[in-house]
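[1] A structural model of the following input is requested.
(one chain, ligands or ions: 1)
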Amino acid sequence: MNPITIRRATISDLESIQEISRQTFIETFAAVNTPENIENYILENFDSQKLALEINHPESVFYLASLDNETIAYLKLNFGTAQTEIHSPQAMEIQRIYVLRKFHGKKIGQLLLNEAIRIGQKSGVNSIWLGVWEKNYKAIQFYINNDFIEFDKHSFSLGNDVQTDLLMELRIINQANLL
Ligand SMILES: CC(C)(COP(=O)(O)OP(=O)(O)OC[C@H]1O[C@@H](n2cnc3c(N)ncnc32)[C@H](O)[C@@H]1OP(=O)(O)O)[C@@H](O)C(=O)NCCC(=O)NCCS
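    The predicted model follows:
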């Protein structure tokens with residue numbers, strides 16, 4: 001396999017982000033949710049206007065992983081008030097980390113997670129947290145392998161289906177304080 005490149009996305013990547021967001025969401029959740037709930041979620045969350053606001057948000061960043069000019073994975077990080085919960089300035093949220101299914105198991109998720117941890121350390125936060133659906137066993141195992149620890153649960157509505165997300169956290173050394 002040729003090298004995977006990871007770069008920070010800009011607003012000119014809107015279409016690529018929209019495409020991979022939709023595709024990975026369907027690949028991850030369509031088999032275990034109703035088509036109507038999936039379709040509504042996609043319409044509400046991945047429309048151009050909403051994504052453009054997220055890409056331009058000063059406290060959010062998107063990263064894209066590419067192989068041979070194809071976008072194969074993405075990462076969305078939130079700081080400060082952009083976080084969906086825990087609005088602490090000392091925390092960073094991994095809101096989305098998604099790899100196209102055909103590339104699973106090739107350590108691309110690991111590359112993105114390593115990048116997220118590196119960014120968190122450089123940004124001076126001491127906690128990286130995320131919410132993961134309690135039935136997304138593969139992702140939960142991935143986070144456990146990376147020393148994330150469950151610290152809470154919250155409800156999440158996918159259309160009319162109320163689901164439970166586990167909140168998981170990784171404590172990190174704030175490297176900004178070491179300089
Ligand atoms: C979760 C995800 C990001 C992991 O990325 P990935 O590139 O597939 O994973 P990697 O190849 O880096 O593997 C890292 C670890 O993930 C776990 N993992 C990967 N594939 C797995 C599988 N088929 N079954 C169980 N665990 C698996 C393993 O712990 C693996 O470590 P190991 O190879 O040492 O056993 C990716 O599978 C994905 O995008 N899933 C769909 C979207 C999603 O659920 N995102 C998270 C939402 S919170």
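[2] any idea how far the ligand is from the residue positioned nearest the centre of the chain?
    The centroid of the chain falls nearest to Arg96 when counting by Cα atoms, centre = their mean (1.3 Å). Distance of Arg96 to the ligand, computed by Cβ to the nearest ligand atom, to the nearest Å: 7 Å. Bear in mind the C-beta positions are built from the backbone N, C-alpha and C, glycine included.
[3] Ok, Val162 next?
    Separation of Val162 from the ligand (Cβ to the nearest ligand atom): 18 Å.
[4] Please give the element, helix or strand, for that residue.
    Of the helices and strands defined by DSSP states H and E, Val162 is found in strand 161-171.
[5] Could you tell me which strands that strand is paired with, and in which direction each runs?
    Strand pairing for strand 161-171, using DSSP bridges, gives strand 127-133 (antiparallel), strand 149-158 (antiparallel).
[6] which one of the ones you listed lies closest to the ligand?
    Ranking these by proximity to the ligand (Cβ to the nearest ligand atom) places strand 127-133 first, at 4.0 Å.
[7] Any regions of this protein where pLDDT drops low?
    174-179 (pLDDT under 70).
[8] Would you state the helices of it in chain order?
    Secondary structure of the chain, counting by DSSP state H: helices at 14-29, 35-45, 48-56, 108-123, 137-145.
[9] any chance of those in a markdown table, with mean neighbour count too?
    Shown next, in a markdown table, are the helices of the chain (neighbours: other Cβ atoms under 10 Å):
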| stretch | mean neighbour count |
| --- | --- |
| helix 14-29 | 17 |
| helix 35-45 | 14 |
| helix 48-56 | 14 |
| helix 108-123 | 18 |
| helix 137-145 | 14 |
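[10] Redo these as a markdown table? Include distance to the ligand.
    Formatted as a markdown table, the helices of the chain follow (distance: least, Cβ to the nearest ligand atom, whole Å):
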| stretch | distance to the ligand |
| --- | --- |
| helix 14-29 | 4 |
| helix 35-45 | 14 |
| helix 48-56 | 16 |
| helix 108-123 | 2 |
| helix 137-145 | 4 |
